[in-house]
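>>> 3D, please:
(chains A and B)
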Amino acid sequence: MTERTLTLAFESSCDETSVAVIENGTKILSNIVATQIDSHQRFGGVVPEVASRHHIEQITKCTNEALEQADVGYDDLDAVAVTYGPGLVGSLLIGVTAAKTIAWAHNLPLIPVNHMAGHIYAARYVGEFKYPQMALLVSGGHTELVYMPSEHEYQIIGETRDDAAGEAYDKIGRVLGVNYPAGKTIDEWAAKGKDTFNFPRAMEKEDNYDFSFSGLKSAFINTVHNADQRGEKLDKYDLAASFQQSVIDVLAEKTMRALDDYPVKQLILAGGVAANHGLRARLDHDMKKFHPDVPMLQAPLKLCGDNAAMIGAAGYVNYKHGDRAGLDLNAVPGLMFDRIQNK
Amino acid sequence: MKILAVDTSNHPMSVALVEDEQLLATTTLNMVRNHSIYLMPAISKLFELVQWQPTDIDRVVVAQGPGSYTGVRIAVTTAKVLADTEKIDLVGVSSLAVLARNVVPTSSAIIVPFFDARRGNVFAGAYQWENGELVNKIEDQHLGIDVLLNQLAKLDQQVVLVGHMTDKIQAKYDQLPANVTLLPRSYSIPSTYQLALAGKMKEPVKEIDPFVPHYLRITEAEANWQKLHPGEKRKNYVREV
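Okay, the predicted model is just below:
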């Protein structure tokens, strides 16, 4: 039998408590995800203190289930990986504290993982990574283009200057009476409507890879409010389609331009918003048209949201590269990749 | 019995290793509140000094709150994960009871430990030594300092307050009632040796998974939600996907 490296991975950066056991960074033996969505839907968004309280309720249960499902014991493990940022500090601390305790109790190396690297590595379960590569990361908290010249190197070349794309979905969702997280419903509505409102495409033509979604959000909200005042009811499907088209246009255009300037061997699409069907279809189309030689790896739908399997995959790479955290590892809510000057 | 006792429920962070009745090692930090950074290194260092392995301990005793929500979660997460992974006993003790134990067992006074809970409120409870046992007389609760002092003034007994009386709490009342004495601040540092002794006597929890801090307060978001949704039964809000 060949040697296998087993990683126990923890993720608790927002409203999902997740623990996974990963073999050699590429095979999911278990991936337990306990979601708090039903709880935070009461408040229309994630309440940090409520999230922290749920994480501490779930942490040992998820750990035991992950080990059971993988059919392994602590003695079989080689490393403990954990998300230490970015995210909500109180939430992050539960995973970080649990991981440190287990690493110490079983004398295992503790591997710190950036949550955003984790999102990228969700795509590792689809195929091997080839460098240099580009990743478009779109989620509720982040929208960024990450250039990876080689394994274990991450450079932000473009990012949102205000709202993240997923955040914009949630905010306009509220206006349409769609509860958080609104992305899935807006995506479904968009498929039934047409882009009739022609909302602004912010920074689309600017010579950089940055994004902005707050202007779009305001234009959307104003359109709906003005119609309300006139007693006019706008078609929700067309509204959703118009909003989504604007988001997708900007994401796709900037990504294509980044690929023009940074020749890569692969494009990765990851993050919670990567589950959006409209975005997936558009990037498929644009890549075939503009960059037919660059294959795209899309994170599997069920690994687009927060989960520990992706942390285990990224953690394995960190482990190979010798990344180790001490028992003084702390949560870093504002953790970021380095930003580099644009070409 | 080998015991690890931890308390991070407030400003001080404290760890103790106790064998049977004997304190082997203890560390207390009382500086910036960053228990996440210092707790595991402190535990690790003490184990090294007494030459214990993590697998050697029989029981983890933790100060279960009330206190700072984030603070108390650090020790409770450490304790429950450690007890779970090593398959050993887990015991929770009120963080206020730990402070009450700073008062000598020969005292007949009503002991009222308290923590600042912000906005003129405190977490407080009432305890009394009876034949060498610390007995809880009034449940730990969250209340205004003025309300607490009014209640204590009505007691026909000597009361000692144990805790760090901050300027902000003090600003909420004129003077202490005649039967109430505030102990010096040196009594307001919790002793995890005392915590270990208290936890040694208690039954360990039957199930580790549901073990959570005693916050004594629901979150503001939930309180507001409950006002808008009276009578709505709490279901399980977390599900596996």
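
>>> Tell me the buried residues in stretch A:69-77?
The neighbour-count check on stretch A:69-77 (16 or more other Cβ atoms under 10 Å in any protein chain shown) flags A:Q69, A:A70, A:V72, A:Y74, A:L77 as buried. Yep, even glycine has a C-beta here, placed from its N, CA and C like the rest.

>>> Specify which member of the residues you listed is nearest to chain B.
In terms of Cβ to the nearest Cβ, no member of the buried residues of stretch A:69-77 lies closer to chain B than A:Y74, at 6.5 Å.

>>> wait, doesn't the closest one sit right on A:N107?
No: counting by Cβ atoms under 8 Å, A:Y74 stays clear of A:N107, with 9.9 Å between them.

>>> which ones are touching the residue of the stretch 201-343 of chain A found nearest chain B?
Residue of the stretch 201-343 of chain A nearest chain B, by Cβ to the nearest Cβ: A:L327 (3.8 Å). By Cβ atoms under 8 Å, 6 or more residues apart in numbering or on different chains, the contact set of A:L327 is A:K100, A:A103, A:W104, A:L110, B:M40, B:P41, B:S44.

>>> How about the contacts made by the residue nearest the centre of chain B?
Nearest residue to the geometric centre of chain B (Cα atoms, centre = their mean): B:S95, 1.0 Å. B:S95 is in contact with B:D7, B:S9, B:N10, B:A63, B:Q64, B:G65, B:P66, B:G67, B:V72, B:F115, B:P190, counting by Cβ under 8 Å, 6+ apart.

>>> if I look at it, how far off is chain A?
According to Cβ to the nearest Cβ, to the nearest Å, B:S95 and chain A sit 16 Å apart.

>>> again with B:K172
24 Å.

>>> what does B:R73 give?
6 Å.

>>> these two touch, right, that residue and A:S91?
No: the pair B:R73 / A:S91 is not scored as a contact, 10.3 Å apart, by Cβ under 8 Å.

>>> For the longest helix seen in chain B, the averaged confidence score.
Using DSSP state H, we find that the single longest helix of chain B is helix B:69-86. The pLDDT scores in helix B:69-86 average 98.

>>> Summarise which helices and strands the next helix or strand after that helix is packed against.
Past helix B:69-86, further along toward the C-terminus, the next helix or strand under DSSP states H and E is strand B:89-93. Here strand B:89-93 touches strand B:59-63, helix B:69-86, helix B:192-201, going by 3 or more Cβ pairs under 8 Å, 6 or more residues apart in numbering or on different chains; DSSP states H and E.

>>> Remind me what the shortest one packs against, helices and strands.
Counting by 3+ Cβ pairs under 8 Å, 6+ apart, the packing neighbours recorded for strand B:59-63 are strand B:2-7, helix B:69-86, strand B:89-93, helix B:192-201.

>>> Just the residues contacting the last one, thanks.
Okay, so that is helix B:192-201. B:1, B:3-7, B:14-16, B:18, B:21, B:23, B:26, B:28, B:59, B:61-63, B:91-93, B:97-98, B:101-102, B:134.

>>> I would like a ChimeraX command selecting only the buried ones among those residues, please.
Selection of buried members from the contacts of helix B:192-201 for ChimeraX, criterion 16+ other Cβ under 10 Å:
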select /B:3,4,5,6,7,14,15,16,18,23,26,59,61,62,63,91,92,93,97,98,101,102,134
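
>>> just for chain B, where's the confidence low?
For chain B, applying pLDDT under 70 flags the ranges B:234.

>>> again, only using 80
For chain B, the stretches flagged by pLDDT under 80 are B:32-33, B:233-235.

>>> Would you map the helices across it?
B:35-50, B:69-86, B:95-100, B:145-153, B:167-170, B:192-201, B:220-228.

>>> the inter-axis angle of the host helix or strand of A:L92 versus helix B:69-86?
Element membership for A:L92, per DSSP H and E: helix A:89-105. Interaxial angle, helix A:89-105 versus helix B:69-86 (axes from the mean of the first three to the mean of the last three Cα atoms, to 10 degrees): 30 degrees.
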